[in-house]
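J.: turn this into a model:
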Amino acid sequence: MTFSTNRLDDCPVARELAPARARSTRKSDDSIPPTECRRLGWGALRTPAGASSLATRSGYKVVVILIALLGFSSLANAFDLQQLSDQLAKPSVIHGSFIQEKHLRALPQPLTSKGSFVLAKDHGLLWLLKTPLQQDYRISTKGIARRDSSGWQMLPGKSAGAEQNRIFLAVLQGDSSGLQRDFELSLSGEAQHWKLTLTPRSMLLKQVFNQINIDGGELVQRIELLETQGDSTVLRMQDTTSANPLSDAEQHDFAE
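T.: Residues are numbered from 1 along each chain as shown. All right, here's what the predicted structure looks like:
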């Protein structure tokens, strides 16, 4: 997915850990008084009587350096957009079911639809709506097609529904580079529990969406689209598995 990234490595750890210096008016060979040590919070680092102030300050610096190294070690292991993209793009085929809720300002209850989906890395997405009506869609790099009695029929590429489905496909496939063309991206969490926020950057998308929120673990679990007019859509992916290959019928649907 391609989005403008909020850099995860821009962290003020070093600034926060930088110690305030103890400035003494005493001669350099005088030790820091116990009262001064307590005021600075250095009680645990005080040296025995007769030890130099240099030893005390050196011990303090060692502790600060160790804390800084631990902090930077955790940053080095932070979960980033590239790791998320690699994780989502790993499965060749994903099967699952979905529940989609469309929240409209004019209606007290959301419009709910349910169905199943098949995501194939080399082919695209089969979106099979079961209720409240039955309708099959195929989403790929060629566009969006809808199945009718005569087979798959391509839909206009500029429709609002087509744009949403294109975003869904990019998200599910882990296409971070594609999403970054249209969105600013902000990622938080870890590999098994993460949240990705998409903020539109193009004027066209800003007219449709305020924000898109995506939550997941090993795979995408929830997508929320917040629209500018106050409506929203929540999509929950359930029972997902990457254990099964494409069936003959699914291969045929992608091939047509």
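J.: just checking, Q229 is part of a helix?
T.: No. If the criterion is DSSP: H, G, I helix; E, B strand; the rest coil, then Q229 is coil and not within a helix.
J.: count the neighbours of it for me.
T.: 10 (other Cβ atoms under 10 Å). (Glycine included, C-beta is placed from N, CA and C.)
J.: can you check D248 too?
T.: With other Cβ under 10 Å as criterion, D248 counts 7.
J.: likewise for H193?
T.: Neighbours around H193, by other Cβ under 10 Å: 12.
J.: hey, what's it bridged with?
T.: With DSSP bridges as the criterion, H193 is bridged to E190.
J.: just checking, it touches G217?
T.: Yes. Counting by Cβ atoms under 8 Å, G217 is a contact partner of H193 at 5.8 Å.
J.: which phi and psi does L88 have?
T.: phi -70, psi -30 (degrees, to the nearest 10).
J.: contact partners for the residue nearest to it when sequence neighbours are not counted?
T.: Once flanking residues are discounted, L88 sits nearest to G174: 2.9 Å by Cβ to Cβ, 6 or more residues apart in numbering. Residues near G174 by Cβ atoms under 8 Å, 6 or more residues apart in numbering: M1, L84, S85, D86, Q87, L88, A89.
J.: what about 6 Å?
T.: S85, L88, A89 (Cβ atoms under 6 Å, 6 or more residues apart in numbering).
J.: buried ones among those residues?
T.: S85, L88 (16 or more other Cβ atoms under 10 Å).
J.: looking at this structure, which helix or strand is least sure?
T.: None of the helices or strands of the chain scores lower by mean pLDDT, DSSP states H and E than helix 13-17, at a mean of 38.
J.: returning to that earlier point: for G189, see how far away the residue nearest to L88 is.
T.: 15 Å (Cβ to Cβ, to the nearest Å).
J.: for the chain, which segments count as strands?
T.: In the chain, the strands defined using DSSP state E lie at 3-5, 93-103, 111-120, 124-131, 135-140, 143-148, 151-154, 183-190, 193-200, 209-216, 220-227, 232-241.
J.: can I get those strands in CSV with mean pLDDT?
T.: Below are those laid out as CSV (pLDDT from 0 to 100):
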stretch, mean pLDDT
strand 3-5, 41
strand 93-103, 96
strand 111-120, 95
strand 124-131, 93
strand 135-140, 91
strand 143-148, 90
strand 151-154, 92
strand 183-190, 92
strand 193-200, 94
strand 209-216, 93
strand 220-227, 93
strand 232-241, 94
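J.: export those strands to a markdown table and append columns for distance to A170.
T.: Converted to a markdown table, those look like this (distance: least, Cβ to Cβ, whole Å):
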| stretch | distance to A170 |
| --- | --- |
| strand 3-5 | 10 |
| strand 93-103 | 15 |
| strand 111-120 | 12 |
| strand 124-131 | 10 |
| strand 135-140 | 10 |
| strand 143-148 | 13 |
| strand 151-154 | 19 |
| strand 183-190 | 10 |
| strand 193-200 | 10 |
| strand 209-216 | 11 |
| strand 220-227 | 11 |
| strand 232-241 | 14 |
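J.: good, we can wrap up now.
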